[in-house]
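just a sequence and a predicted model for now, questions to come.
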Amino acid sequence: MARFDFDAMVKEVGEAGIAYIENEFGASLADVAGALALMEKREKGLVVEIDRNDDDYDGLKVKYRVFKARNGEQVENCFVLRPDKDPAARAALRTYADVTLNDQLKYDLYSWVCDMEAALKGEKDESKL
């Protein structure tokens, strides 16, 4: 399967073409693009399917769906962290910041985690009043 280029398709078909495609597929162009991109990744063996979405299972499962902000394409093989609720997520972000070569990202992650922990500490302190 050839690489699907969402942005090129939008430029090529224009608004009328987008409306036609959405009407034919019964879905938004972003949904169609996401499905095609996912098919490409599956063919290349780049997607690991996790069948578990059972609320009673505490291990690795599908709990969130992630989409690219730029084009709405679904992202597979990712794990969502909730550092606002999970100390392990904050530790993971600190570890990521420790090993990334991107200095700006390192700074942003440390700042985000520190600010979040200060806010969470403030919430705990206020609850003692």
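Perfect, thanks for sending it.

what is the mean pLDDT for stretch 31-44?
The pLDDT scores in stretch 31-44 average 71.

convert the C-alpha atoms of that stretch to CSV, please.
Output of stretch 31-44 as CSV, limited to C-alpha atoms (Å, rounded to 0.1, in the frame of the first residue of the first chain):
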residue,chain,number,x,y,z
ASP,A,31,-11.4,9.4,9.9
VAL,A,32,-10.8,7.9,6.4
ALA,A,33,-7.2,9.1,6.5
GLY,A,34,-6.7,7.7,9.9
ALA,A,35,-8.1,4.3,8.9
LEU,A,36,-5.8,4.2,5.8
ALA,A,37,-2.8,5.2,7.9
LEU,A,38,-3.7,2.5,10.4
MET,A,39,-4.0,-0.1,7.6
GLU,A,40,-0.5,0.9,6.4
LYS,A,41,1.0,0.5,9.9
ARG,A,42,-0.7,-2.9,10.4
GLU,A,43,0.7,-4.2,7.0
LYS,A,44,4.2,-3.2,8.1
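
so what's the gap between it and the chain middle?
Distance, stretch centre to chain centre, for stretch 31-44: 15 Å (C-alpha atoms, centre = their mean, to the nearest Å).

likewise for stretch 20-28?
How far stretch 20-28 lies from its chain's middle: 24 Å, per C-alpha atoms, centre = their mean.

so residue 71, which of the three states?
For residue 71, the assignment made with DSSP: H, G, I helix; E, B strand; the rest coil gives coil.

mind checking pLDDT for it?
86.

these two touch, right, it and residue 28?
No: in this structure, residue 71 is not within contact of residue 28 by C-beta atoms under 8 Å, at 10.8 Å. The way it works is simple: take the backbone N, C-alpha and C, and place the C-beta from them, glycine included.
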